[in-house]
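Visitor: Sequence below, structure please.
(chains A and B)
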Protein chains: 2
Amino acid sequence: MTSTPTAAADPQATARAFAPASVGNVAVGFDLLGHSVRGAGDIATVRRCARPGVRITAIRGVVTDLPREPSANTAGAALLSLLAAERLGHGFELELDKGIALGSGMGGSAASCVAALVAANALLPTPLPREALYPHALAGESVASGARTGDNVGPMLLGGLVLATPERLLRISPPAAWHCALVHPHFVLETLRAREVLAAPYPLAALVRQTANLSQVLLGCERGDAALVRAGLRDDLVEPRRAPLVPGFAAVKQAAMDAGAMGASLSGAGPSVFAWCEDAAMAARAVDAMRAAFADAGLGSDGFVSPLDGPAATLLPPADGAGAGPGFLR
Amino acid sequence: MTSTPTAAADPQATARAFAPASVGNVAVGFDLLGHSVRGAGDIATVRRCARPGVRITAIRGVVTDLPREPSANTAGAALLSLLAAERLGHGFELELDKGIALGSGMGGSAASCVAALVAANALLPTPLPREALYPHALAGESVASGARTGDNVGPMLLGGLVLATPERLLRISPPAAWHCALVHPHFVLETLRAREVLAAPYPLAALVRQTANLSQVLLGCERGDAALVRAGLRDDLVEPRRAPLVPGFAAVKQAAMDAGAMGASLSGAGPSVFAWCEDAAMAARAVDAMRAAFADAGLGSDGFVSPLDGPAATLLPPADGAGAGPGFLR
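Guide: Numbering: from 1, shown residues only, chains lettered A, B, ... in the order given. As a prediction, this is how the structure comes out:
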């Protein structure tokens, strides 16, 4: 991926990028494993400007009450990290169009951060490979979550299912037919609140169960063995502490399992619930059943069906035909 | 694998089996991941007899002060479990020849248990597949460790590197060239003592580091990627608590790393130390360096070099040419 000659030459060049939603944690890989989701996401518009630093000039869409101070905004902090690391003499202006609800557990803060980085990257003299944006995405994400966790930004940068350690991103390749059902109830759960319940330490036995689960899911994905994923895709560690924060969770999870899912748990910190299914039709049935269960708990919801090999963040054509941003490159 | 017609017909048929030593835990898979080791092991001789139950008639070799009461002996308890599950009307007499030192961290209790099961299995009217012996091996192992952990018995039953959950055994296939250096210092660490130091609970951050480590080792083995194993083969969870129990541990580990190992840690509960290496020559150099470091700490030691794809337990020919046991079947 390279910026166009026009973007390189124009001191006020603009680029737009889209980053998809994601399922973080994936039951067995707390803070480590995630996959991108088709059907929702954030858009960032970044303009190169002579004045150093980052200015957030607009926040539109389903969330607007986010910090405007760049160092307190995930996307702003990510761009500050990029500017500092690349020793760029200029600055960036940033507009965000939010398509992912705040506190939904669908990676909303991460999506803004990754969209901004992918757009800004297209404006660099020599754009960086996606992996090189990862440390800046972690810097941005840490503003929202208090931790440098890559399970949302990693899948958004590379697409698909990704194991994101603090040092590197590893793509995992489950079968192409496997799909995710993701249901977002209209209920806000703050990430920091959802983290508080995790603070008390864990017995070794819970840890052994969780690592057995993780191992079976990783090997099941690599080998395309649904029975292994069915055996392992369960969260014995974090879900028991967070589930009480989400109205109707037990019934929603059971609805997904009754629809045939390989496993179901909270997406990220919740309240969204995901279920992994062996094909798209099963995922569609699971979404319907999960939404009905949330409705029984008095909550409206949105549903998504996405391949586990979901999309990566991508550059978009200019919004209005003006501007000198690069075209739709992938 | 089937018993010979002679064994099936003779009410006093005898079979002998060897089970190898093993490296349990393997730094990243506490109670779950292990591999067998070439060069040391236990031998069990089992005789079918009319009287029900199990009698332990001899314990010889490097350890002799083990419980003779069958239900308190790992091999005896495993045979009692097999007899009960298969509703066999007869009993077994058992002799053990111990080649693995007690409290060495090389799976000595597991090896007696697996050798006894493999020998007894050959005497059944219809011998069971190896996987079907696993629950009985867990029943035996629990006598020694207080937990149904399969990271030693699993690799002994199947050979090689095995992920052993409480429900199933999964073979992992690292590159054939990869070898293990294993050094056993002449120092006894009791398994139960080594477990006591693990009782205090663990913070979530330690757990996330450990699961990141495990994921990288599993994927590195499956993909034959030594860089991933190098990144992940470290124990941030248990080793810090157990290492102080082993004189010279830090220097021994450093010696292995200086010899080029991908990673090194305690074997099982210790005090033995293992190191994974990219070939046999590197493993041989690591063994020499590790033994020298133990010597500096005042401890004599034994060293082993084994492929990670180590041997499975195996039937042996009769000891004295008498008896009607089946021959060397694998």
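
Visitor: near chain B, which residues of chain A show up?
Guide: A:29-33, A:163, A:165-168, A:170, A:172, A:198-204, A:207-208, A:210-212, A:214-216, A:218-219, A:222, A:228, A:231, A:237 (CB under 8 Å from any CB of the partner chain). C-beta: built from backbone N, CA, C; applies to glycine.

Visitor: pLDDT weak spots in the stretch 151-300 of chain A?
Guide: Segments of the stretch 151-300 of chain A classed as low confidence (criterion: pLDDT under 70) are A:191.

Visitor: give me every residue that touches the residue in the stretch 201-330 of chain A that chain B sits nearest to.
Guide: Closest to chain B within the stretch 201-330 of chain A is A:Pro201: 3.5 Å, counting by CB to the nearest CB. Shown in contact with A:Pro201 (CB atoms under 8 Å, 6 or more residues apart in numbering or on different chains): B:200-204.

Visitor: Mind doing that once more with 10 Å?
Guide: B:200-204, B:206-207 (CB atoms under 10 Å, 6 or more residues apart in numbering or on different chains).

Visitor: Now it. Its backbone dihedrals?
Guide: Dihedral angles of A:Pro201 (phi, psi; degrees, to the nearest 10) stand at phi -70, psi 170.

Visitor: Now it. Nearest residue, chain neighbours left out?
Guide: In this structure, A:Pro201 finds its nearest non-sequential neighbour in B:Pro201, 3.5 Å apart by CB to CB, 6 or more residues apart in numbering or on different chains.

Visitor: hey, where'd the helices end up in chain A?
Guide: Shown for chain A, the helices assigned by DSSP state H span residues A:5-9, A:74-85, A:108-121, A:130-145, A:153-158, A:191-196, A:204-223, A:226-232, A:239-242, A:249-258, A:280-296.

Visitor: Tell me the buried residues in the fifth one?
Guide: Residues of helix A:153-158 classed as buried under the neighbour-count rule (16 or more other CB atoms under 10 Å in any protein chain shown) are A:153-158.

Visitor: Let me know the closest of the residues you listed to A:His179.
Guide: Distance to A:His179, by CB to CB, is smallest for A:Pro155 among the buried residues of helix A:153-158, at 15.0 Å.

Visitor: doesn't A:Pro20 make contact with that closest one?
Guide: Yes - between A:Pro155 and A:Pro20 there is a contact under CB atoms under 10 Å: 8.2 Å.

Visitor: what touches both of those two?
Guide: A:35-37, A:107, A:110, A:114, A:310-313.

Visitor: Apply the buried test to the contacts of A:Pro201 and list what passes.
Guide: Looks like those have B:202, B:204, B:206-207 buried, using 16+ other CB under 10 Å.

Visitor: Just put those in JSON lines and tack on distance to B:Ala295.
Guide: Conversion of the buried ones among the contacts of A:Pro201 to JSON lines gives the following (distance: CB to CB, whole Å):
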{"residue": "B:Tyr202", "distance to B:Ala295": "34"}
{"residue": "B:Leu204", "distance to B:Ala295": "40"}
{"residue": "B:Ala206", "distance to B:Ala295": "33"}
{"residue": "B:Leu207", "distance to B:Ala295": "36"}
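
Visitor: from those residues, which are also near chain A?
Guide: B:202, B:204, B:206-207 (CB under 10 Å from any CB of the partner chain).

Visitor: In the stretch 1-150 of chain A, where is pLDDT below threshold?
Guide: Those would be A:1-9, A:11, if you go by pLDDT under 70 across the stretch 1-150 of chain A.

Visitor: Grab the nearest non-local neighbour of whichever residue of it sits closest to chain B.
Guide: Closest residue of the stretch 1-150 of chain A to chain B, CB to the nearest CB: A:Asp31 (4.9 Å). Nearest non-adjacent residue to A:Asp31, counting by CB to CB, 6+ apart: A:Thr149, 4.3 Å away.

Visitor: Quick check: the gap between the one you found and A:Ser22.
Guide: Applying CB to CB, to the nearest Å, the value for A:Thr149 to A:Ser22 is 12 Å.

Visitor: intersection of neighbour lists for these two?
Guide: A:34, A:110, A:268.

Visitor: Could I get the contacting residues of the last one?
Guide: For A:Gly268, the contact set (CB under 10 Å, 6+ apart) comprises A:21-26, A:31, A:34, A:103-110, A:145, A:149, A:151-152, A:189, A:191, A:194, A:242, A:274.
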